[in-house]
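Participant: here's my sequence, what's the structure:
(chains A and B)
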Amino acid sequence: MTSLLNPLLRPAQQEIIHHKSGKMAVIATPGSGKTFTLAHLAAQLVGKLSAKEILNGTEVLVVTFSNSAVYSLRKRIRHILQHDRDLLPDVGYRIRTLHGLAHDIMRDRPALAGLSDNFHILDEQASRHIIRELTQAAFRSRRGEFDPYLATGVRENPKRFHNVYERQLPELAIQLCEQFIKHCKDHSLTPGDLYAIPDLSRHLLLHFTTRIYDEYQRRLKFQGAVDFDDLILYALFILEQNADFLKRIQKRWPYVLEDEAQDSSLLQERLLRLLSNDRNWTRVGDPNQAINTTFTTAHPRYLRSFARESNVSLVRLHQSGRSGRPIADLANTLIKWTAQMHPTVDLRHTFEDHFVQPTPPGDPQPNPPIGETMIHIHYQPGKDVSPDEELWLVASSLMRWLPENPDKTAAVLVPENRHGYKLLEVLKRHDIPNEELLQTTAGVRFIAQTLEIVLAYLAEPINPASLSRVYAEAWRKRSAAIEQNQLDSEESDESGIKTVEAAITRCKYVESFLWPADGTSWTDALNITDLSPVLLRDLQNFRLHAQRWLQAAYLPADQLILLIAHDLFGNPTDLALSYRIAQSVRAAQQAAASNSLGFAVGELKAIRENQRRFFRTEDVIEGYAPRPGVVTVATMHAAKGLEWDRVYLLSVNSYSFPSAQPDDVYIGEKWFVRDGLNIEAELLEQASALQQPFDYIEGRATQQARLDYAAERLRLLYVAITRARKELIILWNTGHYGHQGGSFAARPALPLIALSEYINGTLSFT
Amino acid sequence: MLVLVPPSQLNIPYQQDINIPPGRKNPLIATLSSFARRSIRHFWPLLKRVLPIDAAVQEPVFLTSDLAGYYITRFARPYLETGVFDGVHLPTYRIALQILDSINNAALAGLALDEAENRLIHAWGERRDIYHTVIRIARSYQDFCLKRGLLDYALQIRLLVENLLDINEFQEHFEQSYNHLAADNVEEMGALAHDFIFWCMEYVHKTIIIYDTDGGFRTFLGADPAHAYLLADVCSDRAIWEKPTSVSAGMLSIVEIADVLLQDSPADTLPVVSGRSPALHFISTTFYPQMIDRCAAEIAKLVHQKKVPPKRIAVIAPYLSDSLLFALQSRSDSAGIPAKSCRPSRPLILEPIVQAVVIFLRLYTAEETEARPQPEEVSFALRTTIEGLDPVRAALLTQIAYRNDELAGLEKLTETVQTRLTEPICQRYEQMFSWLTAHRTEIASLPPDGFISRFAEEVISQPGFIGYLDVSVHSPLNSFITAAQSFTEAVYNGEDNNWAGIMRGFVRLTLDGLISPDVDPEPVEAVFIGPAHTYLTRDLRVDYQFWLDVGDDGWIERIEQPLTHPYVLRRGFPGGDMWTDDLETAAQKSRFRSLILGLLRRCHKGIFAAACDISAGGYEQRGRLAFILQQMFDQTRSSTP
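Facilitator: Numbers count the residues shown, from 1 in each chain, chains lettered A, B, ... in the order given. Predicted coordinates:
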């Protein structure tokens, strides 16, 4: 009964927790405590389960969007169960992403989907590998199928033409195939369904991508594997086809709670509707924060229409104590401006009229005082800001602000990962403490690079320069706990280390250093004298490790990586990361049917170069918590669910936040494709049109894609603004090609101008 | 006396412990199939008279499971093109192996293939075409094999029970040979074995039948414990051993609690246990590698501080992946503790020496369309076979001597390179190269096993090569030669001598991982590392068990295959019934219960249950076993004085 009297819960939150049974939609503004409330609701429901039910496997099911959300929810629910309710912290509930949930269902009865119990799941990297390989092979012989889509000017410049044909078009083809396969799976379309389309071969691109899809599925089958999208599809299939299995699963999860429901996809809705059996299904989300809809079937319309269903109780959480009043007003202004004044009328329905309200006096989460709140929009009509200037502005601002605010948190939010990497370089140059929430992190890159250096040597063991690199860049930078003190004590002997490094590079015959012949000594091979006893010992130790790694080089890449990682990395997080990297490399090897070390080196390089997605393992476990004095660099997407005292928003320009205006440039439209077509959107439209009773009209999908993208970016801006508690600074830049001027230069985003006018008092609503 | 045991290492205690007084005849310790092979060989002419076997077949050839897989793949492949298996997401060889499982399970239950087809179709309620095709393939395969005297496991046991037992000469021979029958672990045998036991009882003076309650760990391989328990009804005397004497009080209390918790409808209150020391220890970590480290550290403590012999410790996981095995083994190695993995079906190609020999064979047998070994592989093969050749010199040697997919002799190596390689290495390489050059043509003139054994004897086992001092390579090499011999016997048609083609087929099969050692490795003085069902089917007992990854759902799930069904193909399953989800749940629960109780009853002093929050695959762990263990842990802890 603790929750009934919980003073931390507002009346609307209490109402949610007291909800007895049936369907409920919770529409919540940013910072209104939706996840907090959901955690309390989950704990309340767990408390209702009897010990016998728990022993029989009955659970409250919570489905959320990302892995990090899984762990932060878990942390909250554990805490409530343990401290507020005196219950076992880890039983009676299950928190899953959609993929995790589908995996659980599939693991229960794989044979129902025609799979063995040891089926394996291809991760995103491995799946991309296969698609890439198949597309490249097909492209070589069938590139002519793309010709009708090329812009006329492309052929006129031979150098350009070559570049398009050799690099850009193949990459586009790969991207098309990836999206197409995903789209088909989202819509439960098999290659067979597509082949059944009359005259498929007349639609060249559709035919091309269908064949890749078919070959891809055959490859998966050959490997006894499924990809992430198959998991969901098959889970749905076995539940829909097997009534008694469905009944058991429904009994196992009598309560279904869904967080971030605004990002729910078509399949997710179908799956959860089936599981909940129209009984106890609570969906929590904010349609105004739907930021994962581009080229997916995810759409806030599902949550909206659910909320309108007759037997659904609707609760709105308006009050939010997160931001100071002016910042909340700015976010509300974005909604109002879009609805009333956006120059593109079709975008005026982007947001729901659902405004952030301040918390009432005495609320456990009061809004920061207005006096402590500040908004600055760095925009002066007619004055351009280059990307470098923008980065410098942020760095210099932080250099001033951080020492004055040692107990406050700050973040710089960027629209894309690549902006973040550039910013990190600048922050590093100016010694500004930072941590990142980007696609890959410095930790991952360091580990991947270290392993890459070692494996590159093992692939070419007679190369002294390569061995020297292992010594200098892997061995000397190792963090294995045992060695750390020793490393510290040697810091001063930099010249000794350089001497060793140079001596190994000079060593003509590597074998005489690593395995000297009888009667010779390894020190002779390096021809160095005057080495300190400590360095000499360390060098001997290095030799022994290098020997060990060479002898193990025949092992499968994952095992070899683990062995090396154990010798080089000390802390559990690094080891866990190494473990994940090892698995990823192995999966890629299996997908490409290659066991060579050279291939593994290539994979590690791709990870280091940010082409692969790896999360910070520690954040996955505990949920990311910003630290005072350390600047967080994150994408606006990754910042969802987080908050900082001060937030900088970068690159709020017409390229990152287009407004569906005639002169806007879109990331999905390639210069070498004719008529500004978004070829990806056109392809998917073709696939849908041929399946359904409507005609395909070229260009319509491109136009719709522009609108969808612009709407999503408006919501992204809304999410980014509402991350700030007290101080918000918004900047823009002229973009990568800004220096070329004219139509190449990005302009300030229209919403940025509108918000700036609002701050200056020149914007008024009817 | 005939001692009948299920197929596994359960015969070892009999072989080791039976002391026969001088002058008395040794008992025959056999499995149903080994007894069948012995009898079929003996009565082959009689069988030929009654069965559709080609007159030209002089001797039966007993197919190993690898070879049976090889043949059935040939029969399955044409059907794959037709798309009938499109709803099954399995690679070709797995489809073939599952058809073989259906054949074996039907044989073990004594079911005709028609009946098996009928049952599979009704049990799944769909996939009629698929199961019809499965049985069609099975029939063509069996007809082909029988005609040529190629007898796989199913044919061996069928010929014994369905044909030989009815032949007078065989009956007389049996009566004269055996007075007594002892059948142990009958719950791990199929119904056909039980039929055989019933039959034997007519002919022997005395029979003793032994079984474990809560057994049936080989169910997925056709064991039928429910049918086995019927044998008790025909016995005149019964004896029950309930509690083992060497088990600690702590372990007994855990078994008691687990027994209640794992019942179909667990009681609301658990049994009160008091005054007993807890024998259940929890190891809880965040990440998977941490869990391995902590377990390795606890094992080291047991061995080094508490002086527990390594062989009294077992590390058990629901599945034993290569990376888990490697991680465990390398930590044991660095702690100086011997550890031995036990995975019954580990392919021979994973053994370095076999891998090396296969690389050499590929050098000389690869067809134009096939990939030749990469330099990386040749370098590995050279250093695996030549004693004292380090990886750097092996890479150097390969770089110079392996050009255009051919090895070259020493004359191609400059004096500097020869000096770098050292004289002894150059001599050894030249010796090997000369042998390969001189004998490469024999690949076409000798059967594969003949060529491989000559290479093993005349090169690998000679001074200067790995097999001369390192005897551990002999066992995998011998298994490889035996496999080559069986393969040759099975595929050689007695007419043309296309040995090179046969060698190519054998190499391909080995590379596909379809060749496994024919015998399980002998138990050694080391920590056991293996999957739970291997531990149980071998009926091992230790002082301490480490249960890895108790949060993994793999502990609960049964082995489920889309093309076969060990439960539906049991004799007692009502033909024509559907396999419902309720039956599946009941089967899962019962398997889980017997697995956990089986493990607990085979542990004398303590269980270390290790869990990590995030699995190796990055998933959060929520398995039911973890919850049950937590309950057991709380119960035993609260009852400790």
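Participant: hang on, A:Val91 is in a strand, isn't it?
Facilitator: No: under DSSP: H, G, I helix; E, B strand; the rest coil, A:Val91 falls outside any strand and is assigned coil.
Participant: residue contacts, B:Ser177?
Facilitator: Counting by CB atoms under 8 Å, 6 or more residues apart in numbering or on different chains, B:Ser177 touches B:Leu2. (Glycine included, C-beta is placed from N, CA and C.)
Participant: from B:Asp333, how far out is it?
Facilitator: Counting by CB to CB, to the nearest Å, the gap from B:Ser177 to B:Asp333 is 49 Å.
Participant: can you pull the phi/psi pair for B:Ala317?
Facilitator: phi -130, psi 160 (degrees, to the nearest 10).
Participant: dump the residue contacts of B:Lys48.
Facilitator: Listed by CB under 8 Å, 6+ apart, the contact partners of B:Lys48 are B:55, B:57.
Participant: of all the residues in the stretch 201-350 of chain B, which one is nearest chain A?
Facilitator: B:Phe287 (3.8 Å; CB to the nearest CB).
Participant: would you confirm that that residue contacts A:Tyr579?
Facilitator: Yes: between B:Phe287 and A:Tyr579 there is a contact under CB atoms under 8 Å: 7.3 Å.
Participant: the two: which is more packed in?
Facilitator: Neighbour count, other CB atoms under 10 Å in any protein chain shown: between B:Phe287 and A:Tyr579, A:Tyr579 has more, with 25 against 22.
Participant: and the more buried one, what element?
Facilitator: Element membership for A:Tyr579, per DSSP states H and E: helix A:572-592.
Participant: between the helix or strand following that helix and helix A:572-592, how many degrees?
Facilitator: Next in sequence after helix A:572-592, counting helices and strands by DSSP H and E, comes helix A:597-608. Helix A:597-608 runs at 120 degrees relative to helix A:572-592, counting by axes from the mean of the first three to the mean of the last three CA atoms, to 10 degrees.
Participant: what residues of helix A:597-608 count as buried?
Facilitator: By 16 or more other CB atoms under 10 Å in any protein chain shown, the buried positions in helix A:597-608 come out as A:597, A:599-608.
Participant: next one: stretch A:357-367
Facilitator: Neighbour counts using 16+ other CB under 10 Å place A:357-359, A:367 of stretch A:357-367 among the buried residues.
Participant: mind giving me the domain split of chain A?
Facilitator: Partitioning chain A according to automatic domain parsing yields domains covering residues A:2-109+A:232-318, A:121-223, A:338-439+A:621-760, A:442-612.
Participant: is it possible to get TSV of those that adds mean pLDDT and distance to B:Asp539?
Facilitator: As requested, these are arranged in TSV below (pLDDT from 0 to 100; distance: least, CB to CB, whole Å):
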stretch	mean pLDDT	distance to B:Asp539
domain A:2-109+A:232-318	88	29
domain A:121-223	88	34
domain A:338-439+A:621-760	91	40
domain A:442-612	84	31
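Participant: want to throw these into CSV with distance to chain B?
Facilitator: Output for those, formatted as CSV (distance: least, CB to the nearest CB, whole Å):
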stretch, distance to chain B
domain A:2-109+A:232-318, 4
domain A:121-223, 5
domain A:338-439+A:621-760, 6
domain A:442-612, 4
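Participant: can you put those in CSV and add distance to B:Ala107?
Facilitator: Converted to CSV, the domains of chain A look like this (distance: least, CB to CB, whole Å):
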stretch, distance to B:Ala107
domain A:2-109+A:232-318, 26
domain A:121-223, 29
domain A:338-439+A:621-760, 48
domain A:442-612, 34
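Participant: what sits closest to A:Lys185 if chain neighbours are left out?
Facilitator: A:Asp229 (3.8 Å; CB to CB, 6 or more residues apart in numbering or on different chains).
Participant: is that neighbour in a helix, a strand, or coil?
Facilitator: With three-state DSSP as the basis, A:Asp229 sits in helix.
Participant: any idea how far A:Gly114 is from it?
Facilitator: According to CB to CB, A:Asp229 stands 17 Å off from A:Gly114.
Participant: now B:Tyr535
Facilitator: 30 Å.
Participant: so which of those two has more stuff around it?
Facilitator: Legend: neighbour count by other CB under 10 Å for B:Tyr535 and A:Gly114, higher for B:Tyr535 (26 against 21).
Participant: now the more buried one. Nearest residue, chain neighbours left out?
Facilitator: B:Tyr535's closest residue in space is B:Ile316 (CB to CB, 6+ apart), at 5.5 Å.
Participant: what is the helix holding A:Tyr579 packed up against?
Facilitator: Applying 3 or more CB pairs under 8 Å, 6 or more residues apart in numbering or on different chains; DSSP states H and E, one finds that helix A:572-592 makes contact with helix A:124-142, helix A:442-459, helix A:557-568, helix A:597-608, helix A:617-622, helix B:288-300, helix B:322-334.
Participant: the one helix or strand B:Leu397 maps to - what's its average pLDDT?
Facilitator: Per DSSP H and E, B:Leu397 falls inside helix B:391-401. Average pLDDT, helix B:391-401: 95.
Participant: closest residue of the stretch 401-550 of chain B to chain A?
Facilitator: Closest to chain A within the stretch 401-550 of chain B is B:Thr422: 5.0 Å, counting by CB to the nearest CB.
Participant: would you check that that residue makes contact with A:Ala517?
Facilitator: Yes: B:Thr422 is in contact with A:Ala517 according to CB under 8 Å; the separation is 5.0 Å.
Participant: residue 314: how many residues sit nearby?
Facilitator: Chain wasn't specified; assuming chain A. Other residues within reach of A:Leu314, judged by other CB under 10 Å, total 13.
Participant: actually it's chain B I care about, not the one you picked
Facilitator: Counted with other CB under 10 Å, residues neighbouring B:Ala314 total 23.
Participant: give me the beta-bridge partners of it?
Facilitator: With DSSP bridges as the criterion, B:Ala314 is bridged to B:Phe528, B:Gln545.
Participant: how about the strands in the chain?
Facilitator: Since you didn't name a chain, this refers to chain A. Taking DSSP state E, the strands of chain A run over residues A:23-28, A:60-64, A:93-97, A:120-122, A:225-227, A:255-258, A:280-285, A:312-317, A:374-377, A:410-414, A:434-437, A:631-635, A:644-649, A:724-730.
Participant: that's the other chain; I wanted chain B
Facilitator: Using DSSP E, strands in chain B cover B:2-4, B:28-30, B:61-62, B:150-151, B:180-183, B:206-209, B:280-285, B:313-317, B:339-341, B:402-403, B:406-407, B:527-531, B:542-547, B:603-612.
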